[in-house]
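Student: Sequence first, then the predicted structure:
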Amino acid sequence: MYKPTFNMKRQRLVFRHFGNKGYSLFSCLGREVVCSVLSVATLTYASAESVSTKPVVSDSVSTTTAREMMLDEVSVTGSRAPLTKSQAARMVTVLDRQDIAQAPVQSVNDLLKYAVGVDVRQRGPIGAQTDISIRGGTQDQIILLLNGINICDPQTGHNALDLPVDLSDIVRIEVIEGPAGRIYGSSSLVGAINIVTISKGVNGSNEGVNGSYVGVNRELTDVTLHGEAGSFGYANVGGRVAFGGKTNHSLSANYSRSDGYSRCKAGTLNTDYSGAKGFYQGQYDDEDVRLNWHLGIADKGWGSGTFYATPKWQADNQYEHTTKLYSAIQGETKRGRLHFAPSIYWNQNRDRYEGYRSEPEKMKYNYNRTDVYGVSLSAYFDWKAGRTAFGAELRNEDLVSGNLGEPLSQTHHISGTDRDYTLGINRTNISGYLEHNLLLKNLTISAGLVAVKNTWSNMNITVYPGIDISYRPTPSWRLHAAVNTSLRMPSFTEMYYKLQGYKADPHLKPEEMTAVEAGCSYTKGYLSLSATAWYHHGRNMIDWIMDTSQGDDAVWQSVNHTKVNSIGAELSAKFRIKRSDFRVSYSFINQEKEQEANIVSQYALEYLRHKLIANAQVPLFARLTLGANFRWQDRVGQYTDFNGIAHDYKPYTLVDARLTWQDAKYKLYLEANNLLDNNYVDYGHVEQPGRWLIAGFSIQL
């Protein structure tokens with residue numbers, strides 16, 4: 001497993017002024033700079049111990065000289081314009097490589113369970129299928145990014161985390177909680193998750209834009225291999241090779257499979273899965289320009305059991321297969337006062353859903369193909385009043401389908417079948433943004449807006465403003481406050497899905513959100529504390545609801561709620577006793593929505609009212625470490641069983657643990673998920689597995 005760059009010894013660099021020199025801070029770092037570094041267990045607003053948190057020596061906008069900053073910081077996305085950690089106004093939670101390596105997880109989906117503000121609703125374990133939401137939202141209300149590129153699938157958010165990257169590719173994961181419209185445009189209604197990968201090995205290289213490793217002028221090659229196996233026929237094997245100098249390259253591949261943990265009534269497996277992924281990333285870097293590019297594929301099939309079953313349609317042997325392609329090219333200029341960062345990308349998502357596995361004669365398979373094309377141009381410059389950023393993005397989303405959308409004027413053949421795509425929908429989203437950052441010695445004010453127009457339903461240009469404020473009265477204390485707004489267009493599934501107990505509405509309105517939050521953090525020595533309170537006011541919130549009073553005629557319908565108000569609070573603490581680290585965090589949410597009798601909500605009104613997480617990392621010997629993770633969740637909402645009876649979700653407790661033997665070149669580990677073997681559900685019809693044991697290794701050659 002690679003070590004984080006900031007854990008390596010390196011020369012401390014001091015940069016004077018933001019500057020337009022080739023060696024200036026932002027020419028070296030790129031356009032993403034840290035806001036905070038968090039632990040995997042609690043994701044508190046605390047710094048990694050190996051990262052310097054020294055404040056800016058001189059940081060006044062009254063002069064254009066002598067603005068010195070220390071460079072011992074990781075980079076992170078928190079605003080349109082790059083800001084150092086000590087300046088940033090927006091609070092961002094970050095999982096670094098050390099956090100990822102210590103966690104008893106096999107996927108990004110599982111890793112995010114330990115983020116206190118993130119709700120991970122699992123249908124299939126170890127990344128088979130998971131819905132991710134933030135602060136009481138739904139899986140479609142967050143934006144997912146790969147190296148800063150929007151990879152959301154407008155068809156549905158259910159399969160958003162079918163990623164082409166393995167955990168060993170990831171240098172960090174950034175989570176922004178709350179609306180991020182002026183940073184990422186539409187889709188970021190309640191938050192954003194940015195997954196940053198490594199493009200080079202870590203043998204002496206420096207971290208550059210988007211977390212890639214640059215600045216190595218000699219040829220280096222790093223090779224890592226990993227594998228693991230465990231309960232229910234689970235196996236995972238993969239590897240990664242990285243090489244290059246001024247031009248860096250990395251290539252990784254991974255294969256995993258499992259027999260699953262349950263069977264359908266007919267006796268066959270119905271939660272099995274298998275999948276492969278591959279990811280290539282490259283980078284070119286010189287004194288004038290930096291270029292990054294990536295190309296990835298994720299192909300996976302899984303038994304969907306009763307994932308989409310209803311009282312009216314009690315299928316228990318569903319199946320789904322997805323193939324996703326990701327590609328992007330990003331650039332950044334490094335000279336001159338005005339810095340440009342263009343990007344262009346194409347993502348394709350193919351989906352085959354089988355209501356009855358391998359029985360197309362019983363129910364016709366659903367086929368969908370989504371192509372997303374995007375181009376953007378960002379820029380920023382410095383002047384006496386601070387730092388200003390501006391830019392624009394054009395994103396086209398095109399769907400062809402067998403059951404979603406409007407009739408096509410010309411059909412398209414479905415590869416490998418005797419059928420055609422007969423339906424579809426196309427929409428284009430155009431957005432432009434403007435942001436200004438006022439930088440004082442102990443105060444940062446970041447304000448801006450995004451203007452959005454979508455061709456779907458002839459949407460008018462709408463402006464969504466926001467402001468973030470950070471005040472640092474002492475080196476230990478930090479106060480922050482924010483007011484932000486955002487929107488989300490409905491997914492194609494929410495607009496058109498009309499099969500087997502589901503009835504969608506093609507005239508759904510876009511969701512809109514206004515959020516207010518305030519909080520503080522304290523860090524001194526081995527103690528870190530943080531507290532945040534927030535309020536969300538949502539308009540036209542989209543959900544699937546069922547009127548159980550209709551009996552056998554009841555179906556799930558997509559609707560716009562007039563408004564949903566949410567309040568919440570998050571508390572976190574991190575401390576060290578001798579050589580052991582301990583972290584605790586807690587989240588509370590309460591939503592207000594007048595709901596009629598007999599109405600059951602599938603997403604919007606099902607949220608985690610309470611979430612408590614605790615973590616301990618205890619070194620037993622020189623190389624042997626025990627990591628234990630505790631999670632308690634209490635969900636609001638109901639689900640309806642196959643007899644039409646509504647049940648409240650019950651709170652549950654999970655304990656995961658990992659025992660790790662770590663050497664310089666290899667790592668051996670034994671872990672247990674759901675150590676107490678508790679029965680629990682995140683969705684009413686999908687019971688989760690019991691105790692799951694896994695043994696694995698990682699070798700660096």
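Tutor: Received it, and whenever you're ready, just let me know what you need.
Student: Where does the prediction get shaky in the stretch 601-701 of the chain?
Tutor: Scanning the stretch 601-701 of the chain with the threshold set as pLDDT under 70 gives 602-604.
Student: That one: helices as residue ranges?
Tutor: Taking DSSP state H, counting those that start in this stretch as the criterion, the stretch 601-701 of the chain carries no helices.
Student: Centroid-nearest residue for this structure?
Tutor: Centroid-nearest residue in the chain: Ile193, 3.0 Å away (criterion: Cα atoms, centre = their mean).
Student: what about that residue, helix or strand, and which?
Tutor: strand 191-197 (DSSP states H and E).
Student: I'd like to know which elements that strand is packed against.
Tutor: Here strand 191-197 touches strand 129-134, strand 142-146, strand 170-177, going by 3 or more Cβ pairs under 8 Å, 6 or more residues apart in numbering; DSSP states H and E. Every C-beta, even on glycine, is put in place using the N, C-alpha and C of the backbone.
Student: Mean neighbour count added to the ones you listed, as CSV?
Tutor: Converted to CSV, those look like this (neighbours: other Cβ atoms under 10 Å):
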stretch, mean neighbour count
strand 129-134, 24
strand 142-146, 24
strand 170-177, 25
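Student: Rebuild those strands as TSV, extending it with distance to Asn484 and mean pLDDT.
Tutor: Shown next, in TSV, are the helices and strands packed on strand 191-197 (distance: least, Cβ to Cβ, whole Å; pLDDT from 0 to 100):
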stretch	distance to Asn484	mean pLDDT
strand 129-134	13	89
strand 142-146	13	93
strand 170-177	10	89
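Student: and Ser256, which of the ones you listed is closest to it?
Tutor: Minimum separation from Ser256 across those (Cβ to Cβ) falls at strand 129-134, 13.8 Å.
Student: neighbouring strands for the closest one, and are they parallel or not?
Tutor: strand 118-124 (antiparallel) (DSSP bridges).
Student: Excluding its own residues, what touches the strand it pairs with? List them.
Tutor: For strand 118-124, contacts defined as Cβ atoms under 8 Å, 6 or more residues apart in numbering pick out 109-110, 112-113, 129-134, 136, 139, 175, 271, 273, 302, 304-305, 307, 607-608, 611, 682-683, 686, 688.
Student: quick one: contacts of stretch 583-594?
Tutor: 39, 41-44, 116-117, 135-136, 561, 563-575, 604-605, 607-616, 636.
Student: just checking, which of those belong to strands?
Tutor: 561, 563-575, 607-616, 636 (DSSP state E).
Student: Quick one: the strands in the stretch 301-450 of the chain, in order.
Tutor: Per DSSP state E, counting those that start in this stretch, the stretch 301-450 of the chain carries strands over the ranges 318-333, 339-354, 366-383, 386-401, 406-413, 420-439, 443-454.
Student: now the third one against strand 386-401, angle please.
Tutor: Comparing the axes of strand 366-383 and strand 386-401 via axes from the mean of the first three to the mean of the last three Cα atoms, to 10 degrees yields an angle of 170 degrees.
Student: who does strand 366-383 pair up with?
Tutor: With DSSP bridges as the test, strand 366-383 is paired with strand 339-354 (antiparallel), strand 386-401 (antiparallel).
Student: With distance to Val584, mean neighbour count and mean pLDDT added, can I get those strands in CSV?
Tutor: Shown next, in CSV, are the strands paired with strand 366-383 (distance: least, Cβ to Cβ, whole Å; neighbours: other Cβ atoms under 10 Å; pLDDT from 0 to 100):
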stretch, distance to Val584, mean neighbour count, mean pLDDT
strand 339-354, 38, 20, 96
strand 386-401, 37, 20, 96
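Student: Pipe the ones you listed into CSV and attach distance to Val289 per row.
Tutor: As requested, the strands paired with strand 366-383 are arranged in CSV below (distance: least, Cβ to Cβ, whole Å):
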stretch, distance to Val289
strand 339-354, 10
strand 386-401, 18
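Student: right, and those - which one's nearest Thr84?
Tutor: Using Cβ to Cβ, the strands paired with strand 366-383 put strand 386-401 closest to Thr84, at 11.0 Å.
Student: What distance do you get for Lys498 to Trp544?
Tutor: 12 Å (Cβ to Cβ, to the nearest Å).
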